Structure formats: structure tokens, C-alpha cells
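Participant: Pasting the sequence and the predicted model now:
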Amino acid sequence: MTSHLAQTLTGHGGFSQYLHRFKLKDSPYCACDPAKIQDVLHVLEECPMFLRERVALETEIGVIVGRGEFPTIVEDDQKRVKFLGYCLHNEMQSGK
């Protein structure tokens, strides 16, 4: 596990909600919708900015990315590796 991945999975990465707490970002909201808080679950599950990557992952692993399916994803070695790559990519992109 890398430090970036640990930050992503715990919500302590480059997410607006987290950065806003420390006055490193003006707002906790996502660029996709000024009413949506940008936290780890928003980015991984619903943010339209990551729809293409999310659908590609869901097609590849055969599981819908959502908190109810996280146990199914992480218990399977192949699905977990692909999901963690998706998590890391999205955390890196969300901090831009």
C-alpha cells in the first residue's frame, strides 16, 4: 500500500472536503456541481467527472462501484487491483 492509496481510501487525499478543512481550498464542493461535497465516496461512486473511468472499471470487473459492493471488490484479488488503480487515478485527478 502506498501513501497516496492510503490517503485516498481514508479520504485524506486531495479531496476538496479534506483540503477545505485546513484552509487549503476555498470550498469543499466538487467542480461537477456546486451543491455536491467532494469527498472520497462522491468521487468514487457518483462524480460525473469520473464516469468514463468508473463505467470502464465496472465493465471490466463486472461489479457496480458503490459502497455496498466494496467488500465484493476487495475480497477478489483481480478486482481489488483494478479498483485500487481506479481509486489512485481518481484521487490524483480530483486534486487538480
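Facilitator: Arrived safely.

Participant: For the rest of this, base every contact and every neighbour count on C-alpha atoms.
Facilitator: OK.

Participant: Can you dump the C-alpha atoms of the helix or strand where Gln78 lies in CSV for me?
Facilitator: Element membership for Gln78 (DSSP states H and E) is helix 77-94. Extracted C-alpha coordinates of helix 77-94, given in CSV (Å, rounded to 0.1, in the frame of the first residue of the first chain):
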residue,chain,number,x,y,z
ASP,A,77,-7.5,-10.2,-5.9
GLN,A,78,-8.0,-9.2,-9.5
LYS,A,79,-10.9,-6.9,-8.9
ARG,A,80,-9.1,-5.3,-5.9
VAL,A,81,-6.0,-4.5,-8.0
LYS,A,82,-8.1,-2.9,-10.7
PHE,A,83,-10.2,-1.0,-8.2
LEU,A,84,-7.2,0.3,-6.3
GLY,A,85,-5.8,1.6,-9.6
TYR,A,86,-9.1,3.4,-10.2
CYS,A,87,-9.0,4.9,-6.7
LEU,A,88,-5.5,6.2,-7.1
HIS,A,89,-6.1,7.6,-10.5
ASN,A,90,-9.2,9.5,-9.3
GLU,A,91,-7.5,10.9,-6.2
MET,A,92,-4.7,12.2,-8.3
GLN,A,93,-7.2,13.8,-10.8
SER,A,94,-9.5,15.2,-8.2
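
Participant: ok, and what's touching it?
Facilitator: 4-5, 8-9, 13-15, 40, 43-44, 50, 53-54, 57, 61, 73-74 (Cα atoms under 8 Å, 6 or more residues apart in numbering).

Participant: So for that helix, what gets flagged as buried?
Facilitator: By neighbour count on 16 or more other Cα atoms under 10 Å, the buried set for helix 77-94 is Lys79, Arg80, Lys82, Phe83, Leu84, Tyr86, Cys87, Leu88, His89, Asn90, Glu91, Ser94.
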